[in-house]
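J.: I'd like to go over a predicted model; first the sequence, then the structure.
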Amino acid sequence: MIELKATGINKSFYAPERFQVLNNISFEITRGEFISITGKSGCGKSTLLYILSTMDTDYEGTLELGGELVTGKGQRELAAFRNARLGFVFQFHYLLPDFTCLNNVMIPGLRLGKLSRKEVEHNAYEKLKLLGVGDQALKRASRISGGQQQRVAIARALINNPDIIMGDEPTGNLDTRNTEIVFEMLNKLSLEEQKTIITVTHDKDFASRSNRIIEMSDGAIINQQKR
């Protein structure tokens, strides 16, 4: 099943003068694929990811997610779509430092409003345990290590059982050991739960172990390699 279809994506910035950052980007991703988008800094890969995540709507072309055309939807509708269908992991964890890890993970689930608070809390515990940080659940986010914080951030991205998980340099601030842990968790989600994983990364080793590498240069896809 096609999980994501991008067709003719073009994007320009206009300050201080017009500059086209994405040039006619078209590709498809099937459900359960683990994709790494690579390229030098400034090649447009993070800009592309923000369009794919529906957080940037100022582009030309069309984007379909889960067979649904999302191009042209309003901001409120897109926010609801993201909360229900997408999980996003940033290079920095963006946890609320004075909240417990458990409460941080619960936030998107409570915002979605489909389950009771007790059910969301149970699911949050399960996600933390899945990522090996269940024993940190009641600690404040500021009191755990950087690697643990990033795993809590991934648990938060998973709380609403999204179809697609996107990561913008999700291991960029991690050491080798924690990078390996995060990779294995994402790979497991791809293989065992058929989650579609899309990451932007500079880490060549990380990228080489994903299902497919999409290499970009100067706003265009120049190569695709399947493992």
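T.: Great, that's in hand.

J.: what packs against the longest helix that the chain contains?
T.: Secondary structure of the chain per DSSP state H: the longest helix is helix 176-193. Counting contacts by 3 or more C-beta pairs under 8 Å, 6 or more residues apart in numbering; DSSP states H and E, helix 176-193 is packed against strand 34-38, helix 146-158, strand 164-168, strand 196-200. In short, each C-beta sits where N, CA and C put it, glycine included.

J.: Of these, which is nearest Thr100?
T.: helix 146-158 (9.7 Å; C-beta to C-beta).

J.: where along this structure do the helices fall?
T.: 45-52, 75-85, 101-112, 117-130, 146-158, 176-193, 204-208.

J.: by how many degrees do the third one and helix 75-85 diverge?
T.: So that's helix 101-112. 130 degrees (axes from the mean of the first three to the mean of the last three C-alpha atoms, to 10 degrees).

J.: who's in contact with the residue nearest the centre of the chain?
T.: The chain has Met166 as the residue nearest its centroid, 1.5 Å off, counting by C-alpha atoms, centre = their mean. If you count contacts by C-beta atoms under 8 Å, 6 or more residues apart in numbering, Met166 has them with 49, 52-53, 86-89, 197-199.

J.: give me that answer again for 10 Å
T.: Met166 makes contact with 4, 35, 37, 49-50, 52-53, 55, 82, 86-90, 157, 196-200, according to C-beta atoms under 10 Å, 6 or more residues apart in numbering.

J.: what do you get for Leu112?
T.: Taking C-beta under 10 Å, 6+ apart, we find Leu112 in contact with 80, 83-84, 120, 159-160.

J.: Could you identify the most distant pair in these?
T.: Longest span within these, C-beta to C-beta: Ala80 and Val120, 16.8 Å.

J.: Which one's more surrounded, the two?
T.: Applying other C-beta atoms under 10 Å to Ala80 and Val120 shows that Val120 carries more neighbours, namely 22 against 14.

J.: Please name the nearest non-neighbouring residue to that one.
T.: Gly109 (3.8 Å; C-beta to C-beta, 6 or more residues apart in numbering).

J.: So what's the predicted local confidence for the one you found?
T.: Note on Gly109: pLDDT of 90.

J.: Is it in contact with Lys127, as I believe?
T.: Yes: Gly109 is within contact range of Lys127, at 9.5 Å (criterion: C-beta atoms under 10 Å).
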